[in-house]
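Colleague: Generate coordinates for the sequence data below:
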Amino acid sequence: MNTQKLRVGIIGCGSIHHQHVNALLADDRVALVAFADTNTAKAEKSAAAYGGKAYSDYIEMTDTEKLDALHICTPHYLHEPMAVAAMERGCHVFCEKPMAITVDGAEKMMNTSRKTGKKLGICFQNRFRETSQLVMRLIRSGEVGKVLGAKAILTWNRGIDYYRSGEWRGKWATEGGGVLINQSIHTLDLLDQFCGGFGAVNARVSRCMLPDPYEVEDTAMANFMLKSGGNAVFFATNCYATCNTPEIALVCEKAVLTLGNELIIEYLNGRKDLFSDPKIITNGKAVWGSCHRAAIAHFYDAVLSHGKEEFLIGPEEGIRTVKLINGIYTSDKTGEYAAL
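Modeller: Sure, this is the predicted structure:
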């Protein structure tokens, strides 16, 4: 039996990479051996804190350390070129959201994964919440009936200091968008999954409070047409005074399901069930960032299965949300429904 651990590195040592570190250190099948960041001081700080070697160049790190897998925690516009380069060098890749900032970029990543045979996982960790998975089981089993309509609401706060914290923030070329592609993308992903996919969207985006020279939207609203019939309404903003827990509500034939901090199921016959997720120990936006460990563990289940198991959120799934966001922006520009 081969007990050699997979050699793993992380590129990008900003705030989100700590979630990846904690998940990797808890998995005895992997060895976290290196960190890379163009700000070498950040990589050195992580290497000193968690063990491993620091690099300023991820290609040098990948080659020198003979990595089996790379975790990408960098600004959005770098996801595509870094993922493609890593897979072509023999690495499996686990990439933070969004998969890419364009559909073309996401397709290039997907095609590279297929060509090289390397796993590509996208970090939509909220699918691994126990309450999210319960919603999917209830829908797939038919227990709550068909989804007739839905709504999703995200009201967060992102002030000017947030955008000043990174030169890539607030620019179309580097962030790829605003509240849609950055803050509400997890909510969009779950809404799409719960509803079984969308056929078209009519949407508007705006920059309500974010000042020049920042370019991207801080508020968005959309009406999605469900492939199965009915519609879903969506609203997201970074202009609220604080960060509330995002909420998704599903009107089904036999019950209404509301997912926030907890899952509330109100059946039409008067029965009401309440489910909590034991992994969730906080409120607000942090609720939706609590399951990296489960997502990353499942990714390595797939890597080590040698083709017998697929990761739940591979490139085919990741690209769906990129297309949703692209459709919203297209509809805003044309003033009409955009096909998805």
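
Colleague: Run through the neighbouring helices and strands of the longest helix along the chain.
Modeller: The single longest helix within the chain, with elements called by DSSP state H, is helix 315-334. Judged by 3 or more C-beta pairs under 8 Å, 6 or more residues apart in numbering; DSSP states H and E, the packing partners of helix 315-334 are helix 103-116, strand 120-123, helix 185-195, strand 198-206, strand 219-226, strand 338-339. C-beta here means a position set from N, CA and C on the backbone, and glycine is covered the same way.

Colleague: Check which helices and strands the fifth one is in contact with.
Modeller: Yep, that's strand 219-226 we're talking about. strand 147-155, helix 185-195, strand 198-206, strand 231-237, helix 315-334.

Colleague: Those: which one's closest to Thr131?
Modeller: helix 185-195 (10.4 Å; C-beta to C-beta).

Colleague: between the helices and strands packed on helix 315-334, which gets nearest to Thr40?
Modeller: The minimum distance between Thr40 and those falls on strand 120-123, with 24.7 Å, by C-beta to C-beta.

Colleague: Quick one: name whatever helix or strand follows that closest one.
Modeller: helix 130-141 (DSSP states H and E).

Colleague: Residues contacting that following helix, please?
Modeller: Under the contact criterion C-beta atoms under 8 Å, 6 or more residues apart in numbering, helix 130-141 has outside partners 126-127, 144, 147, 190, 193-194, 196, 250, 252, 255, 257, 259, 262-263, 265, 275-279.

Colleague: Show me how far that helix is from its chain's centre.
Modeller: 19 Å (C-alpha atoms, centre = their mean, to the nearest Å).

Colleague: For it, list every residue counted as buried.
Modeller: Glu130, Thr131, Ser132, Leu134, Val135, Leu138, Ile139 (16 or more other C-beta atoms under 10 Å).

Colleague: Just want the angle from it to strand 147-155.
Modeller: Helix 130-141 and strand 147-155 are oriented at 160 degrees to each other (axes from the mean of the first three to the mean of the last three C-alpha atoms, to 10 degrees).

Colleague: can I get the CA coordinates of helix 130-141 in PDB?
Modeller: C-alpha atoms of helix 130-141 as PDB (Å, rounded to 0.1, in the frame of the first residue of the first chain):
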ATOM      1  CA  GLU A 130     -25.300  19.900   5.600                       C
ATOM      2  CA  THR A 131     -28.400  22.100   5.200                       C
ATOM      3  CA  SER A 132     -27.600  22.800   1.500                       C
ATOM      4  CA  GLN A 133     -27.200  19.100   0.900                       C
ATOM      5  CA  LEU A 134     -30.500  18.400   2.700                       C
ATOM      6  CA  VAL A 135     -32.200  20.900   0.400                       C
ATOM      7  CA  MET A 136     -30.900  19.000  -2.700                       C
ATOM      8  CA  ARG A 137     -32.000  15.600  -1.200                       C
ATOM      9  CA  LEU A 138     -35.500  16.900  -0.500                       C
ATOM     10  CA  ILE A 139     -35.800  18.200  -4.100                       C
ATOM     11  CA  ARG A 140     -34.400  15.200  -5.800                       C
ATOM     12  CA  SER A 141     -36.400  12.700  -3.700                       C
END
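
Colleague: Alright, calling it a day.
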